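Enquirer: no FASTA, just this:
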Ligand SMILES: *Cc1c(COP(=O)(O)O)cnc(C)c1O
């Protein structure tokens, strides 16, 4: 190719409209309907065609159109309103002032993907959307958070379906010229660049900044001329399938991300790692804290661990990144030298305690090692994760594994339809979206006129149908379908028919084809004369997942079959844009995962916010969300060994619900009036979504439970030459080195062994602590009901008191137990470290009577 000199030409936007360019470069517009409308009205056709990307959009508006608009009073008025709102957003004080996070207390939020809008395809699915929603909610709440991710040259793939019903993929190129990003610069105006030594040479990266309301998102990019092709490729595609590239991506995100902050003179109080892809951040952060506070590794570790949050999203062991250790080692080896630890010890942080000689390196284990706050993303997932990772905390009971949960939420304003938003503005308040935590405000959803709500919902359903027709037309035209087929698809779906949507990744466990288990029964429902139903399916299969693609093919073939094709659609290229149409226009949102494989799931929350009713397996969030006045549960939460049998049972249960409850309720109308019982459920679902499943609630939870305590820890541990952290490091060092000497005698009862309710008895115990002192440990009696197999059921730990010291290192502990219930009980005793949760949860530091449990 000839050598070209590239130059860029930006549109000359007339001065009265200059705010448009500013607005286009802050993602705030994408959750504000008035702002979206402002762009759209400039040229509605072009706006859709260009994929609602305002930067690209403004660069293709003619100068004449701009000149006209700059004299258009109505347009200027509209622009003025948006501008005022935008400025107000920046001037609003933090809503979490009460919790004491000042603007300087930066929280660094790391994620491999961010799903903010369809025009920024840096995400593959739920994890990315969640991260995007986290940023948006943090902006509204005024949290001092900075996002860190990667800028991929190729977006996540576009899906299209060929004439055989098989998924094909293309990878769109992200042209930074068309994205609302700018090179990140330091205080003196120099572009930020960082470098990381890697096995194939230095990895150089530049950084792009994206604004999401008040939040900044830094995106690292290795596509630089000074890099070799291999290194440039690190940021070419999300989730590269080659593990060499994948590890380099994770190194770049974690280590590079912290380096970027350092280069900007930002030293975060809190580091939040969204899934194990970011775990290397823990390593580099310790290194930086060592330098900045002039402390050794052990001390820096105490500081960093107590100010680090790690969120896991995957309830399946195979879903977590694992690398062979030889691949990781070259990148992290320099840290062993700096930290003065052995190579083996460094590697052991990413390895299970039980299998020291493994050649595997787990990004989950590595991340958990650095984090004092670990959580799953729904109540059920928290429980599953505790069971999955129990072996990382040897000799601990599963319910005491230090993994809690914060249930995911969705950014309501990004997914609520424009029509429903207008209703909310009218019935709730014009600023309802920044006051979502006010229960009185949300309860006013009950006051919305039934007819009004039904009317706007029907508009949303019609929009979905129009979108389906348009998409099918494109698909059929591409396949050179004959005229009569094109005419037919131009009229698919019916705006009065109960519309059931299913949209998600086509992983097998999600069981998209559950309804096809009984195609006859399904066909009967679809073709019913009086009370028909119609279906819209969407979703991508992973490019290497032929099983997933086969499920798509089955559904596409069913959707093309002669007797149902007017009422079943498979929508290509599921992305945020399609998702919006579907969650806004559906009557029912269907979710059929094989429990407990769905960590949380969030699309159903988006549907609920729009009044869509969920029919779902009791998995993920629906275990918390389900109530029979706002949706339906398939099955009762059983877990089966036989998948075939399970599918059979659950598909029949689903049909029963549809036939006996859902369909009759939807069509239960008096003289053409709206279905009042249905609308009642819609309102309950909407209130539920905003109250309990919004990202507003989620980020508030992260703040109060993690960010604020973590930030306080950071400040306390780093003040006074890190004195507190030094004490902790010493305490931990003593505990770890002396713990092995601890012995417990069997606890002794002071009374006979049969009691009546109300009795009390006393337990005493001799404990040998060796060189450790009673101030350094907690001795506990662990007691509760026992089941048939002599296992505890809901046992509790109670602290014993030191009764006397009988010799050097030998102590008698005692406690009194009150029998408050009848039944069969058991007790035992143990010693754990005294101190905060990080100290007392140190893996391995727990000793039971007889040395086991
Ligand atoms: C919300 C959303 C998801 C995640 O929802 P799930 O219920 O986990 O599938 C995935 N993709 C898109 C485009 C979404 O909007």
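Expert: Ah, there it is. In this text the structure is predicted, and so the values were computed from the model without any measurement.
Enquirer: low-confidence ranges, the stretch 751-853 of the chain, go.
Expert: Applying pLDDT under 70 to the stretch 751-853 of the chain flags the ranges 751-752, 851-853.
Enquirer: again, only using 50
Expert: Residue ranges of the stretch 751-853 of the chain with pLDDT under 50: 853.
Enquirer: would you mind naming what in it lies close to the ligand?
Expert: By CB under 6 Å from any ligand atom, no residue of the stretch 751-853 of the chain approaches the ligand. Where you see a C-beta, it was placed from the backbone N, CA and C, and this is true even at glycine.
Enquirer: can you show me the helices along the stretch 751-853 of the chain?
Expert: 837-840 (DSSP state H, counting those that start in this stretch).
Enquirer: look up how far residue 496 lies from the spatially closest residue to residue 669 that is not a sequence neighbour.
Expert: Among residues not flanking residue 669 along the chain, residue 675 sits closest, at 5.1 Å (CB to CB, 6 or more residues apart in numbering). To residue 496, residue 675 is 12 Å away according to CB to CB, to the nearest Å.
Enquirer: who has more neighbours, these two?
Expert: Counted by other CB atoms under 10 Å, residue 675 and residue 496 do not tie: residue 675 has more neighbours, with 20 against 11.
Enquirer: the more buried one contacts residue 667, correct?
Expert: Yes - here residue 675 reaches residue 667: they are 7.0 Å apart, a contact under CB atoms under 8 Å.
Enquirer: can you list the domain ranges for the protein.
Expert: 15-91, 105-408+700-719, 431-691, 738-851 (automatic domain parsing).
Enquirer: out of the ones you listed, nearest to residue 418?
Expert: With CB to CB, the closest approach to residue 418 among the domains of the chain belongs to domain 15-91: 4.7 Å.
Enquirer: check whether the closest one contacts the ligand.
Expert: No - Domain 15-91 stays out of contact with the ligand when judged by CB under 6 Å from any ligand atom, the minimum separation being 12.9 Å.
Enquirer: is it true that residue 146 touches residue 107?
Expert: Yes - Residue 146 is within contact range of residue 107, at 7.3 Å (criterion: CB under 8 Å).
Enquirer: got any residues that touch both of the two?
Expert: Shared contacts of residue 146 and residue 107 (CB atoms under 8 Å, 6 or more residues apart in numbering): residue 268.
Enquirer: ok, the two, which is more surrounded?
Expert: residue 107 (25 against 22).
Enquirer: where in the chain is the helix or strand with the lowest mean pLDDT?
Expert: Scoring the helices and strands of the chain by mean pLDDT, DSSP states H and E places strand 748-749 at the bottom, with a mean of 76.
Enquirer: same for that strand, what does it pack against?
Expert: Judged by 3 or more CB pairs under 8 Å, 6 or more residues apart in numbering; DSSP states H and E, strand 748-749 is in contact with strand 760-768.
Enquirer: helices and strands around the strand it packs on, which ones?
Expert: strand 743-744, strand 748-749, strand 777-786, strand 810-818, strand 825-833.
Enquirer: can I get those strands in TSV with mean neighbour count?
Expert: Formatted as TSV, the helices and strands packed on strand 760-768 follow (neighbours: other CB atoms under 10 Å):
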stretch	mean neighbour count
strand 743-744	19
strand 748-749	12
strand 777-786	19
strand 810-818	17
strand 825-833	20
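Enquirer: residue 454: which of those strands is closest?
Expert: Evaluated over these, closeness to residue 454 peaks at strand 777-786, with 51.2 Å, by CB to CB.
Enquirer: just the strands in the stretch 51-200 of the chain please.
Expert: 107-110, 145-150, 158-161, 167-170, 181-183, 193-198 (DSSP state E, counting those that start in this stretch).
Enquirer: may I have the strands that pair with the least confident helix or strand of the chain, each with its orientation?
Expert: Next to strand 748-749 in the sheet, as set by DSSP bridges, lie strand 760-768 (antiparallel).
Enquirer: sketch out the low-pLDDT regions of the chain for me.
Expert: For the chain (pLDDT under 50), the answer is 1, 853.
Enquirer: in it, where's the longest strand?
Expert: Taking DSSP state E as the criterion, the chain has its longest strand at strand 201-212.
Enquirer: show me what that strand is packed up against.
Expert: Looks like strand 201-212 contacts helix 126-141, strand 181-183, strand 193-198, strand 215-221, helix 229-232 (3+ CB pairs under 8 Å, 6+ apart).
Enquirer: compute the inter-axis angle for it and helix 126-141.
Expert: 50 degrees (axes from the mean of the first three to the mean of the last three CA atoms, to 10 degrees).
Enquirer: how far off centre is strand 201-212?
Expert: Computed by CA atoms, centre = their mean, to the nearest Å, the separation of strand 201-212 from the middle of its chain amounts to 23 Å.
Enquirer: stretch 785-793 too?
Expert: How far stretch 785-793 lies from its chain's middle: 36 Å, per CA atoms, centre = their mean.
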